[in-house]
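**Q** what follows is a predicted protein model with its sequence.
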There are 4 protein chains.
Amino acid sequence: MTELIGNPVQLKAVAGPGQPKPSPALEELYRGFEQALLVPLWTEIGDLMPFHPQSKAAPHLWRWNELLPLAERSGQLVPVGRGGERRAIALANPSLGGRPFATPTLWAAIQYLMPGEDAPEHRHTQNAFRFVVEGEGVWTVVGRDPVAMRRGDFLPQAGWNWHAHHNATDQPMAWIDGLDIPFQYGTEAQFFEFGREEIGEAERITPDRSRAERLWGHPGVRPLGVEAAGAGSPLLAYRWEHTDRALTDQLELEAEGFRGVVEPGHAAIRFTNPVTGADVLPTIRAEFHRIRSGAETAPRQETGSSVYQVFDGSGTVTVGTDQWTVTRGDLFVVPSWAPFSVRSEAGSSDSDSGALDLFRFSDAPVFEALRLDRVQVEGGNR
Amino acid sequence: MTELIGNPVQLKAVAGPGQPKPSPALEELYRGFEQALLVPLWTEIGDLMPFHPQSKAAPHLWRWNELLPLAERSGQLVPVGRGGERRAIALANPSLGGRPFATPTLWAAIQYLMPGEDAPEHRHTQNAFRFVVEGEGVWTVVGRDPVAMRRGDFLPQAGWNWHAHHNATDQPMAWIDGLDIPFQYGTEAQFFEFGREEIGEAERITPDRSRAERLWGHPGVRPLGVEAAGAGSPLLAYRWEHTDRALTDQLELEAEGFRGVVEPGHAAIRFTNPVTGADVLPTIRAEFHRIRSGAETAPRQETGSSVYQVFDGSGTVTVGTDQWTVTRGDLFVVPSWAPFSVRSEAGSSDSDSGALDLFRFSDAPVFEALRLDRVQVEGGNR
Amino acid sequence: MTELIGNPVQLKAVAGPGQPKPSPALEELYRGFEQALLVPLWTEIGDLMPFHPQSKAAPHLWRWNELLPLAERSGQLVPVGRGGERRAIALANPSLGGRPFATPTLWAAIQYLMPGEDAPEHRHTQNAFRFVVEGEGVWTVVGRDPVAMRRGDFLPQAGWNWHAHHNATDQPMAWIDGLDIPFQYGTEAQFFEFGREEIGEAERITPDRSRAERLWGHPGVRPLGVEAAGAGSPLLAYRWEHTDRALTDQLELEAEGFRGVVEPGHAAIRFTNPVTGADVLPTIRAEFHRIRSGAETAPRQETGSSVYQVFDGSGTVTVGTDQWTVTRGDLFVVPSWAPFSVRSEAGSSDSDSGALDLFRFSDAPVFEALRLDRVQVEGGNR
Amino acid sequence: MTELIGNPVQLKAVAGPGQPKPSPALEELYRGFEQALLVPLWTEIGDLMPFHPQSKAAPHLWRWNELLPLAERSGQLVPVGRGGERRAIALANPSLGGRPFATPTLWAAIQYLMPGEDAPEHRHTQNAFRFVVEGEGVWTVVGRDPVAMRRGDFLPQAGWNWHAHHNATDQPMAWIDGLDIPFQYGTEAQFFEFGREEIGEAERITPDRSRAERLWGHPGVRPLGVEAAGAGSPLLAYRWEHTDRALTDQLELEAEGFRGVVEPGHAAIRFTNPVTGADVLPTIRAEFHRIRSGAETAPRQETGSSVYQVFDGSGTVTVGTDQWTVTRGDLFVVPSWAPFSVRSEAGSSDSDSGALDLFRFSDAPVFEALRLDRVQVEGGNR
């Protein structure tokens, strides 16, 4: 494993503040470093230890109307089966070297399943979720429990749970997968196992509510006969009707003069594990934001990165020096510490709520667990 | 930030199990992916989602007798001051592209300070520690508290604490720095600030015990008049005499027939935060292992990576398919999931304890906090 | 405070196993103990340190059809106002010396409010809840948020929250109050403050859903714009429709062959704090149990005491050597470690679900927080 | 269990603010309450829900020079053996009805063991500790590990650990036992089991350091080969030399102008569980306070009760309206919310440190775990 072709370390003495004066002796020292596989801090500190996070990732926008046709075309050309495992096509941040990484820690992909198709069972330590921006008809089968997927639903699936997908209809369906693949790739924590080649007959049923929801989906109560196993939420579906109602309630409370919203015109909820009240997944946070038509959020900087998908409505998004007009299905990336704000465009959409609805996921639980979280909001810190 | 030269995504249709059949239509689809900055899962899954961690890092050994002369030479050629900040020379894992990363998450460097020299004050979110394999005479000044550094001492310094170093003697001194620089580089959590150019006169005193030790260094008791601020241990020095005594006690208990050691002939302690009993730093675990002369540890695999330094004695280390004879000061790397064992060589050393003493640090707290830890020991799991 | 009339300590030398032989010298010693306010362990150990909990409280049943008329009569005779504070009538366990303590730690009372009446605002450190076995029309105003109370609803109100009650209808209403008054009386932790004499006009509105529910009552999501203050649940109402649905789901899952129930025919849920997933109150656990008609629970012993109210259906309850037939509204007490089981009587009731529905509250969080919880179930420990 | 002689509930209608007007109808209602075992809140609220804790316990002082002779006399008259279990004589608070309760939650006793005597093995859920104000020669055998007891040592022993005591010398020895007997008596959580009648030969050895100390007694390090079982500290002895050093360090830091003490002239430490950093026992906190000669502490009120023993020096203690001059060995009680302060008397003692040294234990962990803790310090809240 340690055979090397050439020398991986290459150092060059350059003059500059905080640098030793270039000299033949210094060059000789640097050659010694290279031989011994050593790199000095003093030549690298600016890159390694910046004054604030300077993300290697770029802000970037992927348009849904470009993604979806490519996914449909894949439906025709690419089979789903063991080995390839999933017909999933990932966002590749333009500044991350062509890797399928939306951000340095997060994976976001569009997955596509043709009528009647199944994606085979497997499990992995990577934490995952699905989010449905449109369509329905697929049941994700997690631990043999078939879970319906419909527009607006958020479906977490913590690491090391067996899962397959089953399209029970005569229509194709697309959705978004979010995972911590880049994070686990970087820290090298991954395990993977194949499951059964075919799901059982009992899993081909298409119930409206999963067993998980029947056990864990009632507000404020938990079952006493079962324990939640593993690290993530035992609730396998967070339905749009509840998310929508919660956001509506917040804006109505604001209109009535009560507290509830994050800031004027900006309602937001976080998906939580009912067993702990904490994030649904150990490494991924998922939220929904609704910005009232005409409202604008205060520029906000956070350590850690996020991926957003526009669920409904339209508006203008500003990330650092980039600015885009976005509409339903569009996906964009907010790198670590990049100032982010969004303005909901009055009258420009026929969304259900008349507002801009954004689904967001991020790596915030990693930062909070390791005490690396920091937030700065224009006009006040939090 | 988003200007790109060329296209970062490059895809090639190849035949293979789980892959779609190459065809002009597939090639056209892949060109569409490249244009849209998309990468399919099915071509990447083997690399991204392996059956078990397959580290990008290589097992590797750096010999102390090669490192130290290069550090000494740096002492002559490279000044210490603002900008370069520290005369630290980092281990660059041969498989990590020449970056100063010992493992994908950990930084390990030899730092060197000449007689009378000071390293200027700064602070950063990166968690750090110092470990002294030989020598003395430097006081690390953390939050204006001068902390003596001596052979065998472990000195943690959690993120965002102001710190400087001060060599109060007429002898140079070398030690090892460990940090989570690569982890924070990957997750992009870093902040950095310059402090004072010069430490104050009151910090040039050279007390035997730091104020931190006088407050927090008594076994089983904590002070009531002060709180521990921040995320890491308020105890700034873990002295060799206590570590040595704890290891000696374990081997004596074993000899008396009582439990205490990890396995036959293998004593071990972990450095802990007295406020919580948990690891000294949010992202870094530090341990000391003593293997009785002639004893051998069971091969062990863990998610996450470690760096070891031989503190005393000598022996044979096996990491994956690599094997080295090691002696005082040598540093080596154990990548994620690489089987690791060590044998203490009878009679080959004149160590104080007659055993092989190993200092170890790892990224285990990251894995445990995020529920990604897994351990497998030959002859039994734990 | 220390003036004493007579001597509070009185000792008598008695012969017996483990006791010193009675003698004049021993009597003299005991007189010395009395003078010095000392009591030996050896005469008291059997009472103080029994082999298992032997409760001072008795199992006991209070019939709803006896309680309610007394509450109604109080409605005619006893005004509600500052000083008396509440028209609440507490269960007094027959073995606890006439004190209004249902168990050594728990208070249970029937509270009664006449048409148009208000109970004045106050706050206290005692944790409290209301549970409604029948009727509606009162809004409990917690932190100025009016919360409707209806049959089957559970309404927690953690310590130190301002609260008043407001009967907005032309009908009287009764409900059950549960508090940790005896526990705080024993440990001496109580604080109490009067609030406003009258609630404001804005609090006399009668919304169907409280602001608390609109913010915190959506399954699996939490608001981002508000924090939960204090030690208990921010959700102020747990509605019967959700409890009922959760219990129904469990029994249907059982019928379909899936796990869900606690034991055959026995569904159960616990009310939880959505912020933490833990119990709704720091000292009180609240649960709902549904036993299918004809089913019987396994005898169970737990450290800590419980109060049950029959919500619907009828059945036979066994507590230690006591056995009662119970029906809607009846309240009974299960002392610490007393074996408890219940059988649902087939066909004997016209309950909504055809089953026996039991509301339960207990002091279990105290025992769990202090590591004193122990459970033994006949036919298996848990 | 439910046979009653007479009626435990007795109510009397009295005129007063917040009370219903006495009348024959009210009397009849109250008779109905008595029959039904009910007690109204409105007659009891002042006692049950006071504006602040008003302890049933009295401040009280027990003089060591009265206690010790009675213990010595017990040594002559009272055997130690199975049934009586321990020659322990408990403080009975004069306001707690002659029960052996120092406070409503805490037990404090002097235990006495004659030369060569053993106290038989047992275990119980009550959490316990021993504290030695003078003498030595007894080894407490906890889980078969003999632990030496010497002046100044604090020896915790969490619930459900087997333990016996062994006097290995030709001198009697006395010490203080602290337990949560009253708390567990009130909440009814107790279990008790007899162990072996005789301890083994291997436990009659008299090592200077216990195995527990050899594993867990090193500052800032924990062993990796053993886990801590149960709810309390695995460290079975907290030695005086460490406590003394910690207190000395704090006062010296104060003299040097650095922070460390609680308030001027007042050093204090808390004994902690090295595994968690929390209190040594789930229900009992133990601390040591040193007040410099001439210094005085600010009056302080806390929910929960404490027992103090003077370890060294002398001074004046104020508890509520009581005031005592205290000296070595004296024990006193501070009830819940009673203002407490102490003044160290300059020159009045020949203590080792020239200061007043106080050992303290309290029920604070109960209050903190259940969110009932409150502290008020004169001249500032904390």
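**A** Arrived safely. Numbers count the residues shown, from 1 in each chain, chains lettered A, B, ... in the order given.
**Q** how much space is there between A:Gln309 and C:Arg360?
**A** Distance from A:Gln309 to C:Arg360, counting by C-beta to C-beta, to the nearest Å: 44 Å. Heads up, the C-betas are built off the backbone N, CA and C, glycines and all.
**Q** so the two - more neighbours on which side?
**A** For the pair A:Gln309 and C:Arg360, the greater number of neighbours falls to A:Gln309 (23 against 19), based on other C-beta atoms under 10 Å in any protein chain shown.
**Q** do you know the pLDDT at A:Glu13?
**A** Let me fix one detail, which is that residue A:13 is Ala and not Glu. For A:Ala13, the model assigns a pLDDT of 89.
**Q** next, count neighbours for it.
**A** 18.
**Q** repeat for A:Gln171
**A** The local packing of A:Gln171 (other C-beta under 10 Å) involves 12 other residues.
**Q** who touches the longest helix belonging to chain A?
**A** Criterion DSSP state H: the longest helix present in chain A is helix A:240-255. Contact with helix A:240-255 is made by A:150-154, A:259-261, A:264-265, A:267-269, A:288, A:290, A:292, A:352-353, A:355, A:357, C:211, C:214-215, C:218-221, C:223, C:225, as judged by C-beta atoms under 8 Å, 6 or more residues apart in numbering or on different chains.
**Q** swap in 7 Å and give it another go.
**A** Under the criterion C-beta atoms under 7 Å, 6 or more residues apart in numbering or on different chains, residues A:150-153, A:260-261, A:267, A:269, A:288, A:290, A:292, A:353, C:211, C:214, C:218-221, C:223, C:225 lie in contact with helix A:240-255.
**Q** most proximal residue of the stretch 201-350 of chain A with respect to chain D?
**A** Closest residue of the stretch 201-350 of chain A to chain D, C-beta to the nearest C-beta: A:Gly277 (16.1 Å).
**Q** you'd agree that residue is up against C:Gly277?
**A** Yes. Assessed by C-beta atoms under 7 Å, A:Gly277 is found in contact with C:Gly277 at 4.8 Å.
**Q** just confirm A:Gly186 is within a strand.
**A** No. Counting by DSSP: H, G, I helix; E, B strand; the rest coil, A:Gly186 is located in no strand; its state is helix.
**Q** any idea how far A:Thr187 is from the residue nearest to it when sequence neighbours are not counted?
**A** By the measure of C-beta to C-beta, 6 or more residues apart in numbering or on different chains, the closest residue to A:Gly186 outside its immediate chain neighbours is B:Gly186, 4.6 Å from it. Distance check for B:Gly186 against A:Thr187: by C-beta to C-beta, it reads 8 Å.
**Q** can you check A:Ser314 too?
**A** Distance, A:Ser314 to A:Thr187, using C-beta to C-beta: 37 Å.
**Q** again, but for A:Ala278
**A** A:Ala278 is 20 Å from A:Thr187, by C-beta to C-beta.
**Q** check A:Leu68 too.
**A** From A:Leu68 to A:Thr187 the distance is 33 Å (C-beta to C-beta).
**Q** mind checking which of these two has more residues around it?
**A** The neighbour count for A:Leu68 versus A:Thr187, taken as other C-beta under 10 Å, is higher for A:Thr187 (29 against 16).
**Q** excluding covalently adjacent residues, which one is nearest to the more buried one?
**A** Using C-beta to C-beta, 6+ apart and skipping the chain neighbours, the partner closest in space to A:Thr187 is B:Thr105 (6.0 Å).
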